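1. Below are the sequence and a predicted model; questions follow.
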Amino acid sequence: MQTNAHRGRQPLHRLVIGVVVVMALGQVASTFSAAAQAPAGDRNQAVVTVRGMQCPFCAYGIKKHLAKLTGATRADVELAKNQAIVTFTPGAKVTDAQIQQAVRNAGFTAGAIEWRAGTPDEAR
Amino acid sequence: MALGPPRIGAIVLILVAVSAATALGLWGTRWRVPQAPAAGAGYTLQDAWDGSMIPEGGLQRPIGIAVAPAGDVYVSDERLRVVHFNAAGEFVGEWGREGDGRGEFRNPVGLAVCRDGAVYVSDYEQDRIQKFTADGEFLLDFGRAGSAPGEFSAPAGLAVDEANFIYVADFYNHRVQKFRPDGSFDVVIGDPGRLGVGALHYPTGVHMTGQGEILVADAYNHQLQWFEAGGRPLLRAGYHLLWLWPRPTTSTTGFNAPTDAATDPRGIIHVADSGNHRVVMLSPAGEYLAHWQIPNASSDVFSPEHITVSPDGATVYATDLAGDRILVLTVKPPA
């Protein structure tokens, strides 16, 4: 026979399990989504939104970390626009998650990442 | 849930232990929080150099600046070069180009000039320091990427002492490193951290005072810290919540990302309070005297970045990266 206390815990258990499942699915979706957003075809330039990048030392740090990504040929930062622009060699295998990690290593959080076709000169 | 007497006793014991540890941690530190303005002290904007007379192009996002013993001014900028001006702001020469060889740069950020006129340049991207003659002839280089002693992760501000030892603000390693005149590693100054004596968090500037103390712009602890030449912490200035937690402020009781500091022959300290877009004047003890605000400064970019003082202490030079110029300020010391 179940006590009232046990009956009270059942919905809580279901809620916890539900939250865990949703989080796990979200993580899986995020991983696949990041992989799916790798540059395809001529989209070899990532425009990364980075908030709070007013300090040049921080901005140059973000630029430095992004430039180290495999396949990166150039990285630039636009302080006034809160943007970092990374140009990759065509066909470079880089994911949004790797870009986000590079920005995190520089002490910031990456916002939206937009992929476009571009040349290093256009990033200047 | 009610706390019984034994649990309260344990909490009190922990609090006492933490307080004692904190007090021990702070022991030996002379606190000087900026207080009240001093009569007569201030700055006047005398000039702004944009380098428009430079044949290769005017100043573009200048960041590093240093004054030579004779009064000449050196500036590094985003055109990957060092520009040499005389004290009147006239163009004397320049050197540098993109690359990783001798005399080549990826991002020259910090500058320092030693007594014999040699110029040191830190490269944020290359993780190395190069030394040149006053005219830009390469002399030596040292450093590489990493976190071990003698290695850098984005070297920023530089200073040289009377004996030609070199001090480097090692941004991502949260420390200052001291090198011998031949470029060999000597000692690490400061530890990574947010609290306590000697803790550094993204330092961007370093300066040798006339008293032989190391003054560090501990930018993201929003404070200045003084160290002995051997590395022992001496003093801090800035706003600290509950005397412990360094916090940014727009008031005259502290700073918001102070990125550099320099002292003049009187011992007066000039601070590039970049997040507040101002130059702050402090007494030799670290107390607030006056400040000057960049007019119509963009809130999108912190400025000024680095700062230096003329040998006679009459003029302060500061890089205004956002404005592509050097701010030249006349100093009015306190009466």
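-> Right, received. Where do you want to start? Numbering: from 1, shown residues only, chains lettered A, B, ... in the order given.
2. Can you name the residues that contact residue 72?
-> Looking at chain A here, since you left the chain open. A:66, A:86-88, A:92, A:94 (C-beta atoms under 8 Å, 6 or more residues apart in numbering or on different chains). The C-beta positions use only the backbone N, C-alpha and C, and glycine is treated the same way.
3. Can you look at chain B instead?
-> B:84-87, B:92, B:134.
4. Likewise for B:Glu78?
-> B:Glu78 neighbours (C-beta under 8 Å, 6+ apart): B:60-63.
5. Got a PyMOL select line for the buried ones in the contacts of B:Asp72?
-> With 16 or more other C-beta atoms under 10 Å in any protein chain shown as the criterion, this PyMOL line picks the buried residues out of those:
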select buried, chain B and resi 84+85+87+134
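6. Pull the most distant pair out of the contacts of B:Asp72.
-> Largest separation among the contacts of B:Asp72 by C-beta to C-beta: B:Ala87 and B:Ala134, giving 13.9 Å.
7. which of the contacts of A:Ala72 lies closest to A:Glu114?
-> A:Val86 (11.3 Å).
8. hmm, stretch B:255-271 touching chain A?
-> Yes: among the residues of stretch B:255-271, B:257, B:259 lie within reach of chain A under C-beta under 8 Å from any C-beta of the partner chain.
9. so how far does that stretch reach from one end to the other?
-> Using C-alpha to C-alpha, to the nearest Å, the end-to-end distance of stretch B:255-271 comes to 9 Å.
10. Please point out which parts of that stretch sit buried.
-> B:255-264, B:268-271.
11. just to revisit the earlier point, now for the contacts of A:Ala72, which pair is the farthest apart?
-> Longest span within these, C-beta to C-beta: A:Leu66 and A:Ala92, 12.6 Å.
12. Now for the nearest residue to B:Phe185 once chain neighbours are set aside: which residues touch it?
-> Leaving aside its sequence neighbours, B:Phe185 sits nearest to B:Gly150 (C-beta to C-beta, 6 or more residues apart in numbering or on different chains; 3.5 Å). Under the criterion of C-beta under 8 Å, 6+ apart, the neighbours of B:Gly150 are B:142-143, B:177, B:179, B:184-185.
13. Show me the one in those that has more neighbours than the rest.
-> B:Gln177 (24 neighbours; other C-beta atoms under 10 Å in any protein chain shown).
14. For burial, what's the neighbour tally of B:Ala88?
-> 10.
15. Within range of chain A, give me the residues from chain B.
-> B:61, B:63, B:107, B:109, B:124-125, B:154, B:156, B:171-172, B:202, B:204, B:219, B:257, B:259, B:274-275, B:298-302, B:305, B:321-322.
16. Cross-reference those with the helices and report the matches.
-> Using DSSP state H, no member of these falls in helices.
17. B:Gly136 and B:Arg97 touch, don't they?
-> No: counting by C-beta atoms under 8 Å, B:Gly136 sits too far from B:Arg97 to count as a contact (11.2 Å).
18. what touches both of those two?
-> By C-beta under 8 Å, 6+ apart, the residues touching both B:Gly136 and B:Arg97 are B:Gly103.
19. Just want to know which of those two has more residues nearby.
-> Neighbour totals were compared for B:Gly136 and B:Arg97, and B:Gly136 leads with 17 against 12 (other C-beta under 10 Å).
20. Is the more buried one in a helix, a strand, or coil?
-> Using DSSP: H, G, I helix; E, B strand; the rest coil, the three-state assignment for B:Gly136 comes out as coil.
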